[in-house]
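# sharing a sequence plus its predicted fold:
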Amino acid sequence: MNRKLLLFSPFFLTLILGLVVPVQGETAAPLPDEPPLGLIWEFNTLDGVGDAGTFISMAVQPTTGIPHIAYYSIESGLKLAARTGNGNCGPQNSWNCTLLAPHSSTEWAGRYPALAFNSNGEYGVVYQRLSGINRVSVYQTAANLTILTTPTFPPDRFNGMHNALVYDNQDQSHIWSHQSAEETINESELRYFGSPALLWHDNMYTTKIATSQNAVGRPAVAYTGYGTGFYPSIFHAEPKTGGNCHNGTWQCTLVNTVGSNPYEPTQTDIGLALYQSKCIFGISCDIPTSIFSYSIQYGALRLAEKIPNTNNPCFAGDPINLNYDWRCSTLDISVGWSPKGWQGSLENYWPMGIDVVLHEGRLIVFYQNFQNPLVAKVMMAYKADVPGTGTCGINNEWYCVVVDDGSRGGGFVSVGFGLQAEVLPDGRILLAYYDMSNRDLIIAEAELPPSRIYLPLVVR
């Protein structure tokens with residue numbers, strides 16, 4: 001058994017603290033035939049060297065279909081894993097792990113990575129780098145390395161958090177990053193590094209950013225934050241000629257207010273995933289732009305869908321946010337509260353690992369469940385084929401299903417942090433997430449069709 005599992009597993013801590021006694025949960029795979037997806041999952045350790053995977057970003061190279069994962073190693077720096085079939089890491093050494101931005105004697109690199117590929121298959125990654133006491137945002141490609149931090153703010157310990165990167169159909173990069181000189185509203189801003197680079201939101205403390213694309217590759221962004229003059233809120237923006245923000249080039253919308261105090265702590269909504277509608281010429285128009293978010297205030301997974309003139313608007317009687325074009329609902333009301341200890345602070349909750357994919361004509365959102373905060377699970381949710389036959393959401397419109405319950409060889413681990421999801425060209429779904437107990441980077445893959453054999457996780 002891995003020594004780290006013995007020393008740091010939630011199961012071991014539970015026995016000492018006497019807080020909870022975990023019981024044997026559901027097995028992660030194979031799932032039953034009902035609900036109808038019945039996916040079979042294979043679990044493996046991708047990188048178990050040191051402490052790897054607290055920050056993760058995954059993308060598929062469009063020219064080859066090869067999945068790549070950028071992730072943070074506490075001991076080494078920013079690493080990049082690619083499934084080459086013949087490498088130095090992962091199951092049967094089928095992945096190749098390289099050091100993309102190494103630590104040095106005077107700095108570290110690699111937190112808050114955001115990885116993306118342009119149409120030519122060239123990667124870009126944005127991440128946070130520390131030099132001395134100063135933190136900056138760095139944009140790195142195979143050819144260049146650019147320091148993004150604006151001179152408006154001196155480099156400091158809060159710059160470069162919540163980086164986000166997406167390329168448009170012209171291969172133009174669009175980057176968002178939280179920039180701050182102090183942990184206060186009036187010294188914080190959300191900065192956009194596009195063409196041209198612009199201030200996105202002033203006097204705002206950003207808590208999460210997520211990007212997506214529409215059917216023709218136009219970018220979109222969703223983000224959460226709180227600031228001067230507005231409550232903790234969820235925002236959405238997409239390019240639009242004659243829009244209401246950024247020199248009339250983007251349309252920015254306050255989707256929903258999620259708190260009741262303008263000066264609530266920064267951790268209000270600490271999980272975010274965005275699906276931008278792929279509607280074009282009447283195709284795929286039944287799936288609206290959707291924002292999934294985790295509310296630490298209510299311990300719930302929430303959903304906002306862009307449905308004009310909806311009968312269940314997000315504003316819900318709030319006079320500050322009269323927005324009738326978004327429908328808000330609670331998808332899973334029993335997620336629970338994530339554990340504390342994020343970034344070494346006993347007051348900060350760990351962000352929820354969450355991501356969303358479009359798979360065979362339906363949205364699937366992957367997220368964590370913290371009903372036992374010491375043994376986090378990986379869940380997935382998708383709409384039922386027949387409304388009202390699911391297990392969660394408004395009027396049981398959705399199924400909520402366990403993917404990885406954390407059970408390992410008679411014990412339990414806490415999994416799913418930093419979760420990222422991608423659909424591969426052959427239709428398989430690939431997940432990457434952090435095992436907090438073993439401090440390892442885990443990959444989970446759904447084999448299609450479901451008749452394939454399940455291979456259990458090998459506990460080292």
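Good, I have the coordinates. Please read all numbers here as calculations on a predicted model, not as lab measurements.
# any regions of the stretch 151-300 of the chain where pLDDT drops low?
By pLDDT under 70, the low-scoring segments of the stretch 151-300 of the chain are 151-155, 183, 259-268.
# all helices for it, in order.
Using DSSP state H, counting those that start in this stretch, no helices are found in the stretch 151-300 of the chain.
# for it, what spans make up the strands?
161-167, 173-180, 188-193, 198-202, 204-213, 219-227, 230-239, 250-257, 269-275, 290-295, 300-306 (DSSP state E, counting those that start in this stretch).
# now do the last one: which elements does it pack against?
Using 3 or more CB pairs under 8 Å, 6 or more residues apart in numbering; DSSP states H and E as the contact criterion, the secondary-structure elements in contact with strand 300-306 are strand 290-295, strand 326-332. Every residue, glycine included, has its C-beta placed from N, CA and C.
# which residues are in contact with the longest one?
When contacts are taken as CB atoms under 8 Å, 6 or more residues apart in numbering, the neighbours of strand 326-332 outside the stretch itself are 236, 253, 255-256, 292, 298, 300-307, 310-314, 316, 365, 367, 369, 379, 381, 392-394, 398, 400.
# now the buried members of the residues you listed.
Neighbour-count burial (16 or more other CB atoms under 10 Å) applied to the contacts of strand 326-332 gives 236, 253, 255-256, 292, 300-307, 310, 313-314, 365, 367, 369, 379, 381, 392-394, 398, 400.
# surely K240 touches T253?
No - taking contacts as CB atoms under 8 Å, K240 lies outside contact range of T253: 10.4 Å.
# I'd say I69 and Q420 touch.
Yes - using CB under 8 Å, I69 makes contact with Q420 at a distance of 7.3 Å.
# intersection of neighbour lists for those two?
Taking CB under 8 Å, 6+ apart as the criterion, I69 and Q420 both touch I56, S57, M58, A432.
# ok, so of the residues you listed, who is nearest N203?
Each of the shared contacts of I69 and Q420 was checked against N203 using CB to CB; the closest is S57, at 27.8 Å.
# neighbours around that closest one, how many?
25 (other CB atoms under 10 Å).
# for it, helix, strand, or coil?
Assigned with DSSP: H, G, I helix; E, B strand; the rest coil, S57 falls in the strand class.
# ok, N395 next?
Relying on three-state DSSP, one would call N395 helix.
# ditto for the one 4 residues further on
At Y399, secondary structure determined by three-state DSSP is strand.
# A376 versus that one, what's the distance?
Using CB to CB, to the nearest Å, Y399 is found at 20 Å from A376.
# ok, those two, which is more surrounded?
Of the pair Y399 and A376, A376 is the one with more neighbours under other CB under 10 Å, namely 33 against 21.
# quick check, Q140 in contact with A109.
No - between Q140 and A109 there is no contact under CB under 8 Å: 9.2 Å.
# what residues do those two have in common as contacts?
A101, Y127.
# got the strands of the stretch 151-300 of the chain as CSV, with distance to P387 columns?
Converted to CSV, the strands of the stretch 151-300 of the chain look like this (distance: least, CB to CB, whole Å):
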stretch, distance to P387
strand 161-167, 33
strand 173-180, 36
strand 188-193, 37
strand 198-202, 37
strand 204-213, 25
strand 219-227, 26
strand 230-239, 25
strand 250-257, 23
strand 269-275, 20
strand 290-295, 17
strand 300-306, 14
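# so which of those gets nearest V356?
Closest to V356 of these is strand 269-275 (CB to CB; 4.3 Å).
# what does that closest one contact?
Under CB under 8 Å, 6+ apart, the answer for strand 269-275 is 207-212, 220-224, 232, 234, 236, 258, 287, 289-296, 301, 338, 349, 351-356, 358, 363, 365, 367-368.
# quick one: terminal-to-terminal distance for stretch 59-74?
22 Å (CA to CA, to the nearest Å).
# distance between that stretch and the chain's centre?
With CA atoms, centre = their mean, to the nearest Å as the basis, stretch 59-74 stands 15 Å off its chain's centre.
# what residues sit buried inside it?
For stretch 59-74, burial by neighbour count (16+ other CB under 10 Å) applies to A59, V60, Q61, I66, P67, H68, I69, A70, Y71, Y72, S73.
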